[in-house]
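Undergrad: structure of the sequence below:
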Amino acid sequence: MGASAKSRLPPTEAPAGAIDAPLVQTLRRALAALPPVEGRRVRLCVGLSGGLDSVVLLHALCSVRDSDAHAFALAALHVHHGLSADADAWAQFCAALCQAWQVPFELRRVEVPRKSGEGLEGAARRLRYAEFAASGADWIALAQHRGDQAETVLLNLLRGAGVAGAAAMPEQRPGVAGGPGRWRPLLGEPRAVLLAHARAHGLSWIEDESNADTRLRRNCLRHEVFPRLAERFPGGEAALARAAQQFGEAEELLGELARIDAAALRLASGRIDVTGFGRLSPARARNLLRFLWREAGFRAPDHRWLEEALAQLMVCRPDAETCLSTRDGELRIYRGELYCLPPRPLPPQSLAWAGELELPWAGGRVRFLPQMPGGIAPECLAAASPRLCTRQGGERLQLSEQRPRRSVRNLLQENGVPPWERTRLPYLWLGDRLAWVGGLGVDASLSSASGYLPVWDEGAAGAV
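TA: I've put the predicted structure just below:
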């Protein structure tokens, strides 16, 4: 039986050799399906809460970690949310367990906001996965089982989720931007199998008192809804888990269709042609927009936002300028192209500058290259303290001695700089003289044959 971390300690010995148990055989098959890493062992990190499920997963992985067929590097990570009075005891339990089982252990502490608009559970989950992403592992091993899968399917359907939500949790979800993937090797096993494994091997685990709080939606399903369903539909849990697999296959097919449509509509810039987008059927357009939003690294948009975005995109003119935003990012149209952009902090009014400066509000950095043709004359730089500003309006710049001084606004329009970027571009001033604008160049009246050339290194654009 499980117990609080205060009253029971973990076993003091590591699992002795490979264990021939049904759950371990499931784990072996899941390990065989993991993609190899060239030149080294796969690095697995168990998300260890100390509860039954994660303790069983860690125990089973320990029993096969030195197998020739499934050699891997194993570690564990416990995220301390600080939401329970027993949180410190849970962390101590996990540390002691890993020490006994000779598993490298790491503790991460997070501060969960009480009022974030996403709920306490949602905020804790977001922070937990952020710590998992920084673990340095190839895969984060998570201990969700068949019951968790069935609950997730039902929860997502009740939220009005589409096919992606109904697909719930895949066994493997590859990482993004070099981060670890999520691996759920026990997803097809009922909780009874995990409990039987724990009892057979004398394991101890933590009982989180919040799991009994039926005010939380998942707990309400687990303790009140699913027991009633099981009375009338004994195979309901397994059926929901099978449905998740079928929805997952459908989601893969929708992803393939979205990639086909995206490839057909991508312009030379890499962005989507709005006119072509408008020719898609509503279902295909909606599917492509979901795909583009997730491709940009954002969470799937909710139904209302998606319908509003689709309504505007399907009727907008190629020369229209449109903006719709969510908490994750912005959807914009400029010159017939579709942009999915991450939010950026507001720019400051002015910054003193002495060589190189990161500008997160502009998505890049500014630096000097010395002794460059067309750079700012050294004597001009010495005569005034350089400062970087954002656009104020009314600025003028002379890009060539053979051409007159012109409005920066017109120059930016001619160069196709989107309106939302114009207010964030860096402007270099020497006293009261505008010397340079990122993306345009140096004012000809200040340039020399061998001067300091400001370079605007724009970061990775969030547009697709």
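Undergrad: flag the shaky bits of the protein, pLDDT-wise.
TA: Within the chain, the set of residues satisfying pLDDT under 70 comprises 1-20, 68-70, 116-118, 318-319, 344-363, 459-464.
Undergrad: farthest from the middle of it: give me that residue.
TA: No residue in the chain sits farther from the centre than Gln402, which is 49.2 Å out by Cα atoms, centre = their mean.
Undergrad: phi, psi of it?
TA: The phi/psi pair for Gln402 (degrees, to the nearest 10) reads phi -90, psi 0.
Undergrad: now do the one 4 residues further on
TA: Main-chain dihedrals, Arg406, degrees, to the nearest 10: phi -130, psi 160.
Undergrad: need the contact list for it.
TA: With contact set as Cβ atoms under 8 Å, 6 or more residues apart in numbering, Arg406 has these partners: Arg396, Leu397, Gln398, Leu399. (Glycine included, C-beta is placed from N, CA and C.)
Undergrad: top of those by neighbour count?
TA: Ranked by neighbour count (other Cβ atoms under 10 Å), those have Leu397 at the top, with 22 neighbours.
Undergrad: tell me who's in contact with the closest residue in space to His80 that isn't next to it in sequence.
TA: Of all residues not flanking His80 in the chain, Arg109 sits nearest, at 4.5 Å (Cβ to Cβ, 6 or more residues apart in numbering). Arg109 is in contact with Val79, His80, Gly82, counting by Cβ under 8 Å, 6+ apart.
Undergrad: which of the residues you listed lies closest to Asp443?
TA: Nearest to Asp443, judged by Cβ to Cβ, of those is Val79 at 52.5 Å.
Undergrad: how about Val55: what's its closest non-neighbour residue?
TA: With sequence-adjacent residues excluded and distances taken as Cβ to Cβ, 6+ apart, Val55 is closest to Trp205, at 4.4 Å.
Undergrad: how about Val42?
TA: With Cβ to Cβ, 6+ apart as the measure, Phe72 is the residue that lies nearest to Val42, at 4.6 Å, once sequence neighbours are left out.
Undergrad: surely that neighbour and Arg40 touch.
TA: No - under the criterion of Cβ atoms under 8 Å, Phe72 makes no contact with Arg40, lying 9.9 Å away.
Undergrad: of the two, which one has the most company?
TA: Comparing Phe72 with Arg40 by other Cβ under 10 Å, the one with more neighbours is Phe72, at 20 against 10.
Undergrad: tell me how far that one lies from Ser135.
TA: Taking Cβ to Cβ, to the nearest Å as the measure, Phe72 falls 14 Å from Ser135.
Undergrad: how about stretch 162-179: buried residues?
TA: Buried residues in stretch 162-179, counted by 16 or more other Cβ atoms under 10 Å: Gly162, Val163, Ala164, Gly165, Ala166, Ala167, Ala168, Met169, Pro170, Glu171, Gly179.
Undergrad: just the helices in the stretch 51-200 of the chain please.
TA: For the stretch 51-200 of the chain, the helices defined by DSSP state H, counting those that start in this stretch cover 52-64, 87-100, 119-133, 146-158, 163-166, 191-200.
Undergrad: how far off centre is the helix or strand harbouring Leu369?
TA: Leu369 belongs to strand 364-372 when assigned by DSSP states H and E. Offset of strand 364-372 from its chain centre (Cα atoms, centre = their mean, to the nearest Å): 32 Å.
Undergrad: ok, residues contacting the following helix or strand past that strand?
TA: Downstream of strand 364-372, the first helix or strand assigned by DSSP H and E is helix 378-383. Here helix 378-383 makes contact (Cβ under 8 Å, 6+ apart) with Leu430, Gly431, Ala435, Leu446, Ser448, Gly451, Tyr452.
Undergrad: go with 10 Å
TA: The contact list for helix 378-383, computed with Cβ atoms under 10 Å, 6 or more residues apart in numbering, reads 368, 370-371, 375, 377, 386, 428, 430-431, 433, 435, 443, 445-448, 450-452.
Undergrad: and the closest residue to Phe291 other than its chain neighbours, how many neighbours?
TA: What sits nearest to Phe291 in space, not counting adjacent residues and going by Cβ to Cβ, 6+ apart, is Ala258, at 3.5 Å. Neighbours of Ala258 under the rule other Cβ under 10 Å: 20.
Undergrad: do the same with Ile376
TA: By the criterion of other Cβ under 10 Å, Ile376 has 23 neighbours.
Undergrad: so it makes contact with Tyr452?
TA: Yes - with contact defined as Cβ atoms under 10 Å, Ile376 counts as touching Tyr452 (5.1 Å).
Undergrad: between the two, which contacts overlap?
TA: Residues touching both Ile376 and Tyr452 (Cβ under 10 Å, 6+ apart) are Phe368, Pro386, Trp436, Val442.
Undergrad: and the last one, what are its bridge partners?
TA: If I follow you right, that is Val442. In this structure, Val442 bridges to Trp436 when assessed by DSSP bridges.
Undergrad: could you do the first one as well?
TA: Legend: beta-bridge partners of Phe368 under DSSP bridges are Pro454.
Undergrad: correct me, but it touches Val442?
TA: No - using Cβ under 10 Å, Phe368 is not in contact with Val442; the gap is 11.5 Å.
Undergrad: could you find the closest non-adjacent residue to Trp429?
TA: Spatial nearest neighbour of Trp429, excluding adjacent residues (Cβ to Cβ, 6+ apart): Arg387 at 5.4 Å.
Undergrad: which SSE is that neighbour in?
TA: Following DSSP H and E, one finds Arg387 within strand 386-389.
Undergrad: for that strand, which strands pair with it and how are they oriented?
TA: Strand 386-389 has its sheet partners listed here by DSSP bridges as strand 350-352 (antiparallel), strand 427-430 (antiparallel).
Undergrad: between the contacts of Arg109, which sits nearest Leu142?
TA: When these are ranked by distance to Leu142 (Cβ to Cβ), Val79 comes first, at 12.1 Å.
Undergrad: in space, what's closest to that closest one - neighbours in sequence excluded?
TA: Excluding the flanking residues, the one nearest Val79 by Cβ to Cβ, 6+ apart is Arg128, at 4.6 Å.
Undergrad: go on, Leu216?
TA: Leaving aside its sequence neighbours, Leu216 sits nearest to Glu121 (Cβ to Cβ, 6+ apart; 6.4 Å).
Undergrad: what's the distance between the one you found and Glu458?
TA: According to Cβ to Cβ, Glu121 and Glu458 sit 38 Å apart.
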